[in-house]
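Engineer: Sequence first, predicted model second:
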Amino acid sequence: MENSKNILEVRNLKINFNTYAGKVQAIRDVSFDLQKGETLAIVGESGSGKSVTTRSIMGLNAPNADIAGGTIMFKDQDLLKKTRKQMDEIRGRDIAEIFQDPMTSLDPTMKIGKQIAEPLVIHKGMKREKAMAQALEMMKLVGIENAEKRINDYPHQFSGGMRQRIVIAIALVNYPEILIADEPTTALDVTIQAQILDLMKELQTKTNTSIIFITHDLGVVAGMADRVAVMYAGKIVEYGTVDEIFYNPKHPYTWGLLNSMPTMDTSGTELPSIPGTPPDLLNPPKGDAFAARNKYALKIDTEQEPPFFKVSDTHYAATWLLDPHAPKVTPPDQIIERQKHFAKLTHETIHSNRGKHIEEEEQL
Amino acid sequence: MAKYLAKRIFYIILTLFIVTTVTFFLMKFMPGTPLTNQAKLSPSQIHQIYKQYGLDKPLWQQYLSYLAGVVHGNFGTSFQFSDQPVSYLIGSRLGPSLTIGGEAMVVGVIIGIIVGSIGAVKQDTWVDTATTIISILGVSIPSFVLAVLLQYYLGLKLRLFPIADWGGFMYTVLPTLALAASPFAETARFMRTEMVDVLSSDYIELAKAKGLNKVGIIYHHALRNSLIPIVTIVGPLAVNIMTGSMVVENIFSIPGIGEQFVKSILTNDYPTIMGLAIVYCAMLCVVLLITDILYGLIDPRIRINK
C-alpha cells in the first residue's frame, strides 16, 4: 500500500475518549491512504468513528480525546506529533474541512466576503483588498451569482445551498491539498445535494484536491467517490474501489448497508435494515464487533478478530467469511444481483486493468 | 434609519406623556402635604399657601396647567428650595449623577465582558471558578455595603481616594466602583454563559478549521456573537444603576439627583418629584433606544432596513 502517490497515510490510529463512564475506544486501529486527486469515501453509521478519524487529521479532536497510538503521515510529517500552533498553520492551508450544516457553520455577524478572505489573510498575510479580490474570484468559482454585490452580504441573506457554496469557497480559497467533507450534503434538500456534489467534483478536477468524503449515505458515495472505506465500531471493515464495494461487497456489514439503500427496484417492498445496535465501545466485544448483528456470523467471529483478507490489489475485507476454511454462505439476493452486475462490469472492461477481478467473480 | 428614529422618538414622547400622567395622579394620593410645619399654621394661612402654588384648584386643573407648563419647558418651582426652578435644580444636579452612573456602566460592562470571556475560554479550570465566584459576589453584595467597604479600605486606610464629597475625577472613583459591581457581575455571568455557547458552535469549529489561532477566534468571531445577549441586559442594568445611585450618592455625599429624588418624595415636593420622574423616564427611554441601535450594529440579522 506504500505509494508515492499517497498524500496522506493513516496507520494504526487508535483514539480513546476519557469519559465519566470510562474509556470509550472510538477508533480501534484504523489505517488507510489517500491518494493525490482522489476521493475517498468513509462510510458508516453514526458513532462508527468516521468524524473522529477526520477530526484527528485536522487536529481538532475534543480535549478528552486521547490518541493511544498510530501515525498520520502528511508530507513525511506525523500530524499527530505537531503542536497546536503548527497545526494552525496546516489547517486551512494544506487541509481544509467542509462541515455538515451550512446554516450554522458561517459566522452570522461577519460579511461573507470577509469570511472567505480570512484564510488568505491568516496563511498568506494577504492585504485586505487583495484578499477580498481573491474571495470574489472564489465566489464566482463556486457559482454565487451577482458576487460583486453579494460579497458584502451576511450569511442569513443566503439560502442553505448558497451557504454551503460559501463554506466550500472558504475551504478551497487556499487550494488545499486535502479537503475533508464531513457529510456536506446531509442538511440540504435532495435537489441542492446534487448541485453541491457536482460543484465539488468540478472543483476537484480544477484544483486536483484530494477529498475525504464522510457520509452515511451510500447513494451519495456512488457518484462521488473513487474508493470507499466502510467503518464499523471504530474500525475499517472493508475498503476498495467504488465498483468493488458496490458490486462485489464481501463484508456482511457492507451487505447490510447496501441492502438498506433504496434502489430503483425496491419500490413497494419494505426496505431491509440491519437489526440491533452498534456495540458499546466502552467494552468492545471480543472478536468481530459486527458478529452480534450478523446472521452470517461464524463461531470464530465471537472469539477472534478477523484480519484483512485480500480480495484484489485494491479491495480488502475483514471478515472470516473470506478465510479458505470458512463455509460458503449465500449473500442476500440483492447482493447477488449486484455481484452479477459486477461480473458484467468486469467483462466489459476485461482488457483494462480491472480484468484481475474476474477471478473472484467466477468463484462466486 | 431616519424614519425609524422618528418613529422611536414619537413613542418616547408618548411614553413620557403616559408616565407624567400616571405619576401626577399617583403622587397626589401620597399621604402628607408639602407643608413641613402644618400643625403651627392656621387654616387661612394654609389656604393662602395652597393658593400661591395653585394647589387649591381641582386636580384636573392642576394637571392641565402642569402639562401646559411642561410643554413650554417650565417644570415649576421647587417647594423645598423656594424660588429654585425645578429645571435648574435638576440641571445642576444631573451632572454628578450622570458622571458616576455613566462611568459605572462603562467600567462595569467592559470589565464584565473581559472577565466573562476569560472564564469561558478557561472553562472548567480554576480561573473559571475564580471568575464565577467574583461575579457571584458582585451580584450578591449590595452596592451600599460595598460603598462603605471601599470608603474604609481604599479611602480611610490606604488614603488612595477621597472618602466622600465631590470635586473632580478622583472623587468619582469610589462611587463608580461601588456602583459598577452589579453591572460588572451581571455582564460577566451572561458573557461567560454566552461565550461558552458560542465557542461550541459550528462557525467557531470552521474558524478553527481555517487555521485561526485561539486569540483570533475569540476576537474575530466569538466576541461579537456573544455580545448580542449582553445588549439585552444593558437596559435593566441602567435602571439598577439609577436606583442604586440614590443610596450611593447619599453615602458619598454626592450632590446628585438620586439624593434629591429621595428628599423630594419625603417632603412631598410635587414639582421636583414630577420633574425627576420625567427625567428618569427619559433617560431610560434613551438607554433603550441606544440598546436597540446597538443590536443592529452587532447583529446584522436584526438590522433596521434603511
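Structural biologist: Arrived safely, thanks for sending.
Engineer: Report the secondary structure state of A:Met103.
Structural biologist: coil (DSSP: H, G, I helix; E, B strand; the rest coil).
Engineer: dump the residue contacts of B:Val231.
Structural biologist: B:Thr291, B:Leu294, B:Tyr295, B:Ile298 (CB atoms under 8 Å, 6 or more residues apart in numbering or on different chains). For every residue, glycine as well, the C-beta is placed using N, CA and C.
Engineer: and if you look at A:Glu148?
Structural biologist: Contacts of A:Glu148 by CB under 8 Å, 6+ apart are A:Leu136.
Engineer: Spell out which helix or strand contains it, please.
Structural biologist: Taking DSSP states H and E as the criterion, the element that holds A:Glu148 is helix A:147-150.
Engineer: what mean pLDDT does that helix have?
Structural biologist: In this model, helix A:147-150 has an average pLDDT of 93.
Engineer: Contacts only, for the residue in chain B positioned nearest to chain A.
Structural biologist: Proximity of chain B to chain A (CB to the nearest CB) peaks at B:Gly211, 3.4 Å away. By CB under 8 Å, 6+ apart, B:Gly211 lies in contact with A:Asp88, A:Glu89, A:Ile90, A:Arg91, A:Gly92, A:Arg93, A:Pro119, A:Ile122, A:His123.
Engineer: mind checking the SS state of it?
Structural biologist: coil.
Engineer: How far off centre is whatever helix or strand comes next after the helix holding A:Glu148?
Structural biologist: Once helix A:147-150 ends, the next helix or strand along the chain (criterion: DSSP H and E) is helix A:160-172. Relative to its chain's centre, helix A:160-172 lies at 18 Å (CA atoms, centre = their mean, to the nearest Å).
Engineer: before we move on, what about stretch A:240-249?
Structural biologist: 15 Å.
Engineer: Spell out which parts of chain A neighbour chain B.
Structural biologist: A:58, A:60, A:85, A:88-93, A:96-97, A:99, A:101, A:104-110, A:118-119, A:122-123, A:154, A:156, A:167, A:170-171 (CB under 8 Å from any CB of the partner chain).
Engineer: Selection in ChimeraX covering whichever of the residues you listed are buried, please.
Structural biologist: The ChimeraX selection below is limited to those of the residues of chain A next to chain B classed as buried (16 or more other CB atoms under 10 Å in any protein chain shown):
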select /A:58,60,88,90,91,92,93,96,97,99,101,104,105,106,107,108,109,110,118,119,122,123,154,167,170,171
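Engineer: quick one: what helix or strand has residue 115 in it?
Structural biologist: Because you didn't say which chain, this covers chain A. Short version, using DSSP H and E: A:Gln115 is in helix A:112-124.
Engineer: Actually, chain B is the one I wanted.
Structural biologist: Residue-wise, B:Val115 maps onto helix B:86-121 under DSSP H and E.
Engineer: What residues sit buried inside that helix?
Structural biologist: B:86-87, B:89-90, B:93-94, B:96-97, B:99-101, B:103-105, B:107-109, B:111-113, B:115-121.
Engineer: cool, and stretch A:141-153?
Structural biologist: Across stretch A:141-153, burial judged by 16+ other CB under 10 Å covers A:Leu141, A:Val142, A:Gly143, A:Ile144, A:Ala147, A:Arg150, A:Ile151, A:Asp153.
Engineer: Now that stretch - C-alpha only, PDB.
Structural biologist: Extracted as PDB, the C-alpha positions of stretch A:141-153 are listed here (Å, rounded to 0.1, in the frame of the first residue of the first chain):
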ATOM      1  CA  LEU A 141     -15.900  29.900  -9.000                       C
ATOM      2  CA  VAL A 142     -18.400  28.200  -6.600                       C
ATOM      3  CA  GLY A 143     -21.300  29.700  -8.600                       C
ATOM      4  CA  ILE A 144     -22.600  32.600  -6.500                       C
ATOM      5  CA  GLU A 145     -24.500  34.900  -8.800                       C
ATOM      6  CA  ASN A 146     -24.000  38.600  -8.600                       C
ATOM      7  CA  ALA A 147     -20.900  38.000  -6.500                       C
ATOM      8  CA  GLU A 148     -19.700  41.700  -6.600                       C
ATOM      9  CA  LYS A 149     -22.800  42.700  -4.800                       C
ATOM     10  CA  ARG A 150     -23.200  39.800  -2.500                       C
ATOM     11  CA  ILE A 151     -19.700  39.900  -1.200                       C
ATOM     12  CA  ASN A 152     -20.900  42.400   1.400                       C
ATOM     13  CA  ASP A 153     -24.000  40.300   2.400                       C
END
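Engineer: Please state the offset of that stretch from the chain centre?
Structural biologist: The answer for stretch A:141-153 is 29 Å, by CA atoms, centre = their mean.
Engineer: before we move on, back to that, could you pick out which of the contacts of B:Val231 are near chain A?
Structural biologist: Filtered for proximity to chain A (CB under 8 Å from any CB), the contacts of B:Val231 shrink to B:Ile298.
Engineer: of the contacts of B:Val231, buried ones?
Structural biologist: B:Thr291, B:Tyr295, B:Ile298.
Engineer: sorry, back to before: for the helix holding B:Val115, the distance to its chain's centre please.
Structural biologist: Distance, centroid of helix B:86-121 to centroid of chain: 8 Å (CA atoms, centre = their mean).
Engineer: Return the list of helices and strands in contact with that helix.
Structural biologist: On a contact count with 3 or more CB pairs under 8 Å, 6 or more residues apart in numbering or on different chains; DSSP states H and E, helix B:86-121 meets helix B:126-140, helix B:169-199, helix B:223-251, helix B:257-266, helix B:270-298.
Engineer: Residue 83: neighbouring residues, count only.
Structural biologist: All of this is about chain A. 9 (other CB atoms under 10 Å in any protein chain shown).
Engineer: let's do chain B instead
Structural biologist: When neighbours are counted by other CB under 10 Å, B:Asp83 comes out with 7.
Engineer: Need the nearest residue in space to it, chain neighbours excluded.
Structural biologist: Closest residue to B:Asp83 apart from its sequence neighbours, by CB to CB, 6 or more residues apart in numbering or on different chains: B:Thr77 at 6.6 Å.
Engineer: pLDDT on the helix holding A:Gln115, on average?
Structural biologist: On average, helix A:112-124 scores 94.
Engineer: Send me that helix as CSV with only the CA atoms.
Structural biologist: In CSV, the C-alpha atoms belonging to helix A:112-124 read as follows (Å, rounded to 0.1, in the frame of the first residue of the first chain):
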residue,chain,number,x,y,z
ILE,A,112,-19.3,36.5,3.8
GLY,A,113,-16.6,38.2,1.7
LYS,A,114,-14.5,38.7,4.8
GLN,A,115,-15.2,35.1,5.9
ILE,A,116,-13.9,33.7,2.6
ALA,A,117,-10.9,36.0,2.6
GLU,A,118,-10.0,35.1,6.2
PRO,A,119,-7.8,32.0,5.4
LEU,A,120,-5.9,34.1,2.9
VAL,A,121,-5.2,36.8,5.5
ILE,A,122,-4.2,34.1,8.1
HIS,A,123,-2.0,32.0,6.0
LYS,A,124,-0.6,34.3,3.3
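Engineer: Summarise which helices and strands that helix is packed against.
Structural biologist: So helix A:112-124, by 3+ CB pairs under 8 Å, 6+ apart, packs with helix A:128-141, helix A:160-172.
Engineer: that older thread, looking at the buried residues of stretch A:141-153, which one is closest to B:Thr172?
Structural biologist: Nearest to B:Thr172, judged by CB to CB, of these is A:Asp153 at 44.4 Å.
Engineer: what about the residue nearest to the closest one when sequence neighbours are not counted, how many neighbours?
Structural biologist: With CB to CB, 6+ apart as the criterion, A:Asp153 has its nearest non-adjacent residue at 6.0 Å, and that residue is A:Ile112. Close neighbours of A:Ile112, defined as other CB under 10 Å, add up to 27.
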